[in-house]
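Colleague: Got a predicted structure plus its sequence, pasted below:
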Amino acid sequence: MIIRPETPADHTVIRKINIAAFATHPFSRQTEHLNVDALREDGALTLSLVAEEPSATGSRVAGHIAFSEAHVEGRDLGWFLLGPVAVWPDLQRKGVGSKLVLEGLAELRRRNASGCVLVGDPAYYARFGFRQATTLIYPGVPPQYLLILSLFGSEPSGMLSHHPAFDIEP
Ligand SMILES: CC(C)(COP(=O)(O)OP(=O)(O)OC[C@H]1O[C@@H](n2cnc3c(N)ncnc32)[C@H](O)[C@@H]1OP(=O)(O)O)[C@@H](O)C(=O)NCCC(=O)NCCS
């Protein structure tokens, strides 16, 4: 399996993977595919990676991960929001999601990012080093699901905000 940046030929499958992966997710509003499209249209999809695996007909995209800027107190301090990350339901729990997260974080390090935040299950993301973000406030998000991984320097304090693409209505 290879992890590589998305190309225009991947846009449709990225949309389909996000729809399928989040269809039964308990906390999803099923807008993830719209969020990714809106980020891309606004030039705000900082990093968009796909996992491509060999298949009988050549290769297929198994999963996708997106990163965009996250601002603290309205300022760009080099922090990024991880998400959405999605794997085709029949390909989950085979390591695809982990590879996408690890390669995404490695690329953020190469770009000298300060760190990464996300909203997600601490039981899953702890394996990558994410911890509960105790110095940030993200309106509408229960603190136990706001997770942070510092790559360089200290953790920022204050109000976290995302790109307007995440405010899209279903
Ligand atoms: C979450 C997701 C991206 C993980 O990708 P994946 O390829 O299935 O995950 P991996 O195979 O790399 O990792 C599997 C491990 O994670 C665990 N895991 C997967 N999803 C989990 C979850 N939501 N909570 C806790 N653990 C989880 C599995 O139990 C497994 O643990 P193990 O290695 O100890 O056996 C994928 O399951 C998915 O698309 N889910 C639906 C969409 C979603 O929830 N996205 C994340 C929103 S924050």
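Modeller: Nice, thanks for sending it over.
Colleague: neighbours around Leu102, how many?
Modeller: 14 (other CB atoms under 10 Å). C-beta coordinates here come from the backbone N, C-alpha and C atoms, glycine included.
Colleague: dump the residue contacts of it.
Modeller: Counting by CB atoms under 8 Å, 6 or more residues apart in numbering, Leu102 touches Phe128.
Colleague: Pull the distance from the helix or strand encompassing it to the chain's centre.
Modeller: Assigning secondary structure by DSSP states H and E places Leu102 in helix 96-110. When C-alpha coordinates are averaged (CA atoms, centre = their mean, to the nearest Å), helix 96-110 and its chain have centres 10 Å apart.
Colleague: same check, this time on stretch 80-87
Modeller: Mean C-alpha position of stretch 80-87 versus that of the full chain (CA atoms, centre = their mean) differs by 1 Å.
Colleague: Could I get the contacting residues of the closest residue to the ligand within the chain?
Modeller: The ligand sits closest to Gly97 of the chain, with a gap of 2.0 Å, by CB to the nearest ligand atom. The contact partners of Gly97, by CB under 8 Å, 6+ apart, come to Gly63, Val85, Val87.
Colleague: let's go with 6 Å and repeat that
Modeller: Neighbouring residues of Gly97 by CB atoms under 6 Å, 6 or more residues apart in numbering: Val85, Val87.
Colleague: Can you tell me how far it is from Tyr138?
Modeller: 22 Å (CB to CB, to the nearest Å).
Colleague: moving C-terminal of the longest strand anywhere in the chain, what's the next helix or strand?
Modeller: Across the chain, the strand with the greatest residue count (assigned by DSSP state E) is strand 58-72. Using DSSP H and E, the next helix or strand after strand 58-72 towards the C-terminus is strand 75-87.
Colleague: Alongside the ligand, which residues does this protein contribute?
Modeller: 21-22, 25, 83, 85-87, 92-98, 120-121, 123-124 (CB under 6 Å from any ligand atom).
Colleague: Quick check on those: which are buried?
Modeller: Ala21, Phe22, Gly83, Val85, Ala86, Val87, Val96, Gly97, Ser98, Gly120 (16 or more other CB atoms under 10 Å).
Colleague: all helices for the protein, in order.
Modeller: 11-22, 32-41, 96-110, 122-125 (DSSP state H).
Colleague: Kindly reformat those as CSV containing distance to Pro142 and mean pLDDT.
Modeller: Converted to CSV, these look like this (distance: least, CB to CB, whole Å; pLDDT from 0 to 100):
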stretch, distance to Pro142, mean pLDDT
helix 11-22, 19, 98
helix 32-41, 19, 98
helix 96-110, 21, 98
helix 122-125, 11, 97
